[in-house]
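I would like the atomic coordinates for the input below:
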Amino acid sequence: MSFYKWSLMPGKASQFIGLANYVRAFNDPVVGRAFINTLIYTLVTVPGQMILAMVAALLLHSLPRGRAFFRTLYYLPVITSWVIVSLLIRYLFQSPNGLVNYFLVEVFHVVSKPIMWYEQASTAFIPILVLGIWKGIGWSMVIYLAALQGIPRELMEVASIDGANGWQRFWKIILPLLGPTVVFTLVMLLIGGFNVFISVYLITGGGPRQQTEVLLSYTYRQAFDFLDFGYGAALSMLMAVFLITASYLQMRFLRKPVEVY
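Numbers count the residues shown, from 1 in each chain. Take a look at the predicted model:
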């Protein structure tokens, strides 16, 4: 489909145009902006999710009781509908009378006047990033928690006897043993980051002036708003090639034998 000017008219043949859709994609300034926004989203949300999930997993792993309750509590955002939480975040960051502005201005006095979140690209993307981090913590946390439970308790006891503090035990024992799990979550979260769509579509709609477009939202608009399925297919193929390459490179260079120091 990406090699054609795809026709939706019954009985009308689609016109073969070769690589024209791909050439158009590389010359489209909105594609460049959408790629940068998608990259920013991934570079912010993936480390944010992984770090906070690791902290939550370590805290839950150390709890003597109540682990199941807190694990369920942290996992609830993961199973909550993207549509519901996106609309909720959009409401919380409404300008000028949203709840976030109320706390920033009236309660904590961080700013003197309400922030118009959705009028500028620099602030319109913040609610999307906040939602991306918050909603994904529970998924990585459950995976890390399962991996932590597989670490032999004897290793931690021996390290404690040898005088290792908590940070040394984490850096020299826990993190190396969690290496394969960390690489797995990194690859999966990278794929998820580049598939961001619903939050952008519902919170900002790609605005203002297409400054918060991401690859999937722009691809969706080309295919289903403008019915340019050939161009939409070309954009999706370019994104697929990028993700396959990035995932392979991560697994190739980050997956190493587990060594405990």
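
find the nearest non-adjacent residue to the residue nearest the centre of the chain, please.
Residue closest to the average C-alpha location in the chain (CA atoms, centre = their mean): residue 193, at 3.4 Å. Of all residues not flanking residue 193 in the chain, residue 42 sits nearest, at 3.3 Å (CB to CB, 6 or more residues apart in numbering). C-beta: built from backbone N, CA, C; applies to glycine.

helix or strand right after the one helix or strand that neighbour maps to?
Following DSSP states H and E, one finds residue 42 within helix 29-62. Next helix or strand after helix 29-62 toward the C-terminus (DSSP H and E): helix 67-79.

so which bits of the next helix or strand after that next one are buried?
Next along the chain after helix 67-79, taking DSSP H and E as the criterion, comes helix 82-92. Within helix 82-92, the residues scored as buried using 16 or more other CB atoms under 10 Å are 85-86, 89-90, 92.

quick one: residues in contact with helix 82-92.
77, 98-100, 127-128, 130-131, 135, 198-199, 201-203 (CB atoms under 8 Å, 6 or more residues apart in numbering).

if you set the cut-off to 6 Å instead, what comes out?
Identification of contacts with helix 82-92 by CB atoms under 6 Å, 6 or more residues apart in numbering yields 98-100, 127, 131, 198-199, 202-203.

these: which two are farthest apart?
Based on CB to CB, the longest span within the contacts of helix 82-92 runs between 99 and 198 and measures 21.4 Å.

these two: who's more crowded?
residue 198 (16 against 11; other CB atoms under 10 Å).

okay, the more buried one: pLDDT?
Each residue has a pLDDT score; the one for residue 198 is 95.

once you drop chain neighbours, what's closest to it?
Looking at residue 198 with CB to CB, 6+ apart, the closest residue is residue 82, at 4.2 Å.

and the helix or strand harbouring residue 126, which residues are buried?
Assessed by DSSP H and E, residue 126 sits inside helix 121-148. Across helix 121-148, burial judged by 16+ other CB under 10 Å covers 121, 124-125, 127-145, 147-148.

isn't there a strand covering residue 112?
No - secondary structure of residue 112 (DSSP: H, G, I helix; E, B strand; the rest coil): coil, not part of a strand.

quick one, phi psi at it?
Here is the backbone geometry of residue 112 (degrees, to the nearest 10): phi -90, psi -20.

cool, and residue 93?
Per-residue torsions, residue 93: phi -100, psi 20 (degrees, to the nearest 10).

from residue 106, how far off is it?
Separation of residue 93 from residue 106 (CB to CB, to the nearest Å): 16 Å.

more crowded one of the two?
More neighbours surround residue 93 than the other of residue 93 and residue 106, with 23 against 9 (other CB under 10 Å).

which residues touch the more buried one?
100, 117, 127 are the contacts of residue 93 under CB under 6 Å, 6+ apart.

for those, which one is nearest residue 211?
Distances from residue 211 to the contacts of residue 93, taken by CB to CB, are shortest for residue 117, at 13.0 Å.
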